[in-house]
Every structure is written in structure tokens, then in C-alpha cells.
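Asks: Show me the folded form of this:
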Amino acid sequence: MSYPNDHAERAAIIAATDRLLDGTPARSTGSLTIVQLAAEAGVKRWILTHKHTDLRDDFQRRARAASKLPPAFQHLEAQITDLQADNHRLRDRNRELQERNDLYAIVINELSARLHAANPGTGHPGNVTQLRPQHA
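Replies: Model (predicted):
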């Protein structure tokens, strides 16, 4: 049995499917899910899961076939890739600086010990504090 509203719902769902798969969402996040399809079409989720199951199945089939990130999110994927590379580079740089800092601490302690050995009666100068290397 067909209801007067069925044609309008089906047209809205078909248009929403096309927008989501094209990466041009108007009312949703653009994610290729039934919840976002319902939001994009402006219908309740149950309309897709119980009433227009053929359109739901078609959307899911087409979304799986696309099996890629919607165009609306591709710029975010590129940003994520760039940020991950930056994060890796910064972690490497941080590790390098920590190793250098540890080496400096060892050299300063050695020089301080030599200074103390050369002047045994004076103790450590007031502005020299013995440091221990920090390990991350």
C-alpha cells in the first residue's frame, strides 16, 4: 500500500543518497551511515530501516562500493596525514634534544668534579649544582 507521503520521502532519500555519495551533504555530517542518510533526507531513521528498506539497501551497497572517504572529508584525511608526519618529526626532535641535554648534564658534572679535584679545599663553587641525566 502506497501513502501520499511515500513519493516525497523516496525522492528525499534518493537525493540525500546522491549528495552523501558525492560528498556534498547539506544537512548531515557526510558520514556514510543510515543515521546520517536519514538526517540528510530529513526523515526519521525508522523510515529507512522499516519502510523504504530497498533504498536503505541500495545506499549501503553503493557506500560499500565507494569504499573510500567521502570527498567532503578528504581534506581532513590529508590534514591528518600531515599532522601525523609533524608529530613524528617533533617526537624525533624531542628525543634528540633530550639525548643532547643528558650529554650536557654529564659533561657539566664531569667538569664540576674535575674543578673540585683541582681545588679540593674549596668544594663545589656556589653556582654549580650536580645534575643527574633524566631518562624519558
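Asks: Quick check: which element contains the residue nearest to the spatial centre of the chain?
Replies: In the chain, the residue lying closest to the centroid (CA atoms, centre = their mean) is Ile80, at 5.6 Å. Assigned by DSSP states H and E, Ile80 belongs to helix 71-118.
Asks: Which strands and helices lie in contact with that helix?
Replies: Of the remaining helices and strands, none touches helix 71-118 by 3 or more CB pairs under 8 Å, 6 or more residues apart in numbering; DSSP states H and E. C-beta: built from backbone N, CA, C; applies to glycine.
Asks: What is the neighbour count of His75?
Replies: 10 (other CB atoms under 10 Å).
Asks: where does it land on pLDDT?
Replies: Looking at His75, its pLDDT reads 78.
Asks: contacting residues around it?
Replies: By CB atoms under 8 Å, 6 or more residues apart in numbering, the contact set of His75 is empty.
Asks: what's the distance between it and Ala38?
Replies: 25 Å (CB to CB, to the nearest Å).
Asks: Next: Asp102.
Replies: Relative to Ala38, Asp102 is positioned 57 Å away (criterion: CB to CB).
Asks: neighbour count winner among these two?
Replies: More neighbours surround Ala38 than the other of Asp102 and Ala38, with 22 against 16 (other CB under 10 Å).
Asks: Quick check on that one: phi, psi?
Replies: When read as degrees, to the nearest 10, the backbone of Ala38 gives phi -60, psi -40.
Asks: SS state for Pro120?
Replies: Here Pro120 is recorded as coil under DSSP: H, G, I helix; E, B strand; the rest coil.
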